[in-house]
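A structural model of the following input is requested.
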Amino acid sequence: MSTPDVVPGECALPGTPLARERAGVDACVHCGFCLQSCPTYLTLEDENDSPRGRILLMRTVLEGTLQPENASVTTHIDRCLGCRACETVCPSGVPYGHLLEATRATIAGRRPIPFVARMILAVFGHQPLLDLAMAGGRVLRAIGIARLLAKVPGRIGFGMAMLASTSRPKRAPFRRTTSSGERGRVAMLTGCVMEGLFDEANRSTELTIESNGYALVDAPGQRCCGALHAHAGDDQTARRLARANIAAFERTNAEYICVNAAGCGAMMKDYGHLLADDPEWAERAARVSAKVRDVSELLSAAGPEHGAPVRVRVAYDAPCHLIHAQRIAAAPIDVLRAIPELELVPLNEYDVCCGSAGIYNLVEPDTSNAVLDRKMANIGATDADVIATGNPGCLMQIGAGLLRSGSSVHARHPVELLAESYAKRAAP
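Predicted coordinates for the structure are as follows:
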């Protein structure tokens, strides 16, 4: 395809999502602080697979030097994990996450989203398909097929390992307390994968939130948060799902919206940006976004209340969209420190991506596996019993790595450990 003649300084793609984010592209001064924070740069050692390299590609697209669908652009944009670790270290405040999503949306307008990603996004975008997929996953997990196929090479084997890693030992039902609600009314995003495959983490969230003075209220009508779609460039579906969630949570009149999945929380906190150019929804989106809290934020604000001893060695791995996108670092540690006799052990590169990144591990498996190998090596050096992390993708990615390596270490959400502590305290 020929390159259009563009006057220097003018935009070759007016009206596109990337053009609307041009100020963010121009904010990058290519200083290089981002290089050592970027998992793909550290793994692949290619400047084009660094944040500043990708931003340079974005600029060449805006200037018309390269077309968005050119392989020189798409290869490196596709390889980005979207972990946003570069934002944490950037002295210029470049909103890299917004730039990446806008670039992918612009590319999607010229080149179809890859088939595997399209199929996954279609499932998460349509509730009946999602319900069916989650039910099928639970069946495969329950009858042992997932564990049986977990070590098969390739995407299928890794997908089965991720599914098998979501299994939890059966425990007695939690006895939830009746909360006075003095800390406020809370509506909870139950989530797609969280409710579908990590229901114990959801029940643990409910128990710990109510035990710390919050009153839970239902939020019927909620949908997938839209994060997977936004990250992949399907911004129209992301907007549709966001509108459904905004309407659902508005009806609750809750003071807070509790989210126990870091990626979902980051997405919901960004609804105001996603719908900023929608006159009907912009203000509503901003109001809902302002109410969103990670579960660890709510628990940390409340103390949280201590439970009974749980003697276990725990290493905390920070989900990227919690520590980098939401800038929440201390609250999950507060949750774990509320458990008497739990021993926190350090994890090298705890703030570096595990390679999950939504559906990245299924569409870019080679790079994802290389990033995971680095994470597994760091975990192996901890001598921990449990890796605690607050995002379903991270739980499944790390859980699959542990399972396939034959490790006895388990991946758990921090609220699962706190709920266990509370349950022990309440036991007769």
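
Show me the contact partners of stretch 395-413.
147, 150-151, 157-158, 161-166, 193, 197-198, 201, 204, 260, 317, 354-356, 361, 368, 372, 375-376, 379-380, 384-390, 394 (Cβ atoms under 8 Å, 6 or more residues apart in numbering). C-betas here are computed from N, CA, C, even on glycine.

Show the buried residues in the residues you listed.
147, 150, 158, 161-166, 193, 197-198, 201, 204, 260, 317, 354-356, 361, 368, 372, 375-376, 379, 384-390, 394 (16 or more other Cβ atoms under 10 Å).

Test my guess that residue 35 contacts residue 52.
Yes: if you go by Cβ atoms under 8 Å, residue 35 and residue 52 touch, sitting 7.2 Å apart.

Same drill for the two, tell me which one is more crowded.
residue 52 (23 against 16; other Cβ atoms under 10 Å).

Let me know the secondary structure of the more buried one.
helix (DSSP: H, G, I helix; E, B strand; the rest coil).

wait, what's in contact with it?
28, 30-32, 34-35.

Run through this structure and note the low-pLDDT ranges.
Scanning the chain for pLDDT under 70 picks out 1-9, 172-177.

what residues go with each domain of it?
17-108, 115-160, 185-296, 300-426 (automatic domain parsing).

residue boundaries of the strands in the stretch 201-350 of the chain?
215-217, 256-259, 292-294, 313-316, 343-345 (DSSP state E, counting those that start in this stretch).

thinking again about what came up before, could the domains of the chain go into TSV alongside distance to residue 11?
Putting the domains of the chain into TSV (distance: least, Cβ to Cβ, whole Å) gives the following:
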stretch	distance to residue 11
domain 17-108	5
domain 115-160	27
domain 185-296	17
domain 300-426	27
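
Quick one: closest of these to residue 170.
Among the domains of the chain, the nearest to residue 170 by Cβ to Cβ is domain 185-296 (9.5 Å).

any idea how far the closest one is from the chain center?
13 Å (Cα atoms, centre = their mean, to the nearest Å).

okay, how far is it across it, tip to tip?
From its first residue to its last, domain 185-296 covers 16 Å (Cα to Cα, to the nearest Å).

how about the contacts of residue 52 in JSON lines, adding distance to residue 274 and secondary structure?
Shown next, in JSON lines, are those (distance: Cβ to Cβ, whole Å; DSSP: H, G, I helix; E, B strand; the rest coil):
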{"residue": "28", "distance to residue 274": "22", "secondary structure": "coil"}
{"residue": "30", "distance to residue 274": "28", "secondary structure": "coil"}
{"residue": "31", "distance to residue 274": "29", "secondary structure": "coil"}
{"residue": "32", "distance to residue 274": "30", "secondary structure": "coil"}
{"residue": "34", "distance to residue 274": "24", "secondary structure": "coil"}
{"residue": "35", "distance to residue 274": "29", "secondary structure": "helix"}
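
Filter these down to the buried ones, PyMOL style.
Here is the PyMOL selection string for the buried members of these, based on 16+ other Cβ under 10 Å:
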select buried, resi 28+34+35
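
Residue nearest the middle of the chain, spatially speaking?
By Cα atoms, centre = their mean, the chain has its centre lying nearest to residue 263, at 2.5 Å.
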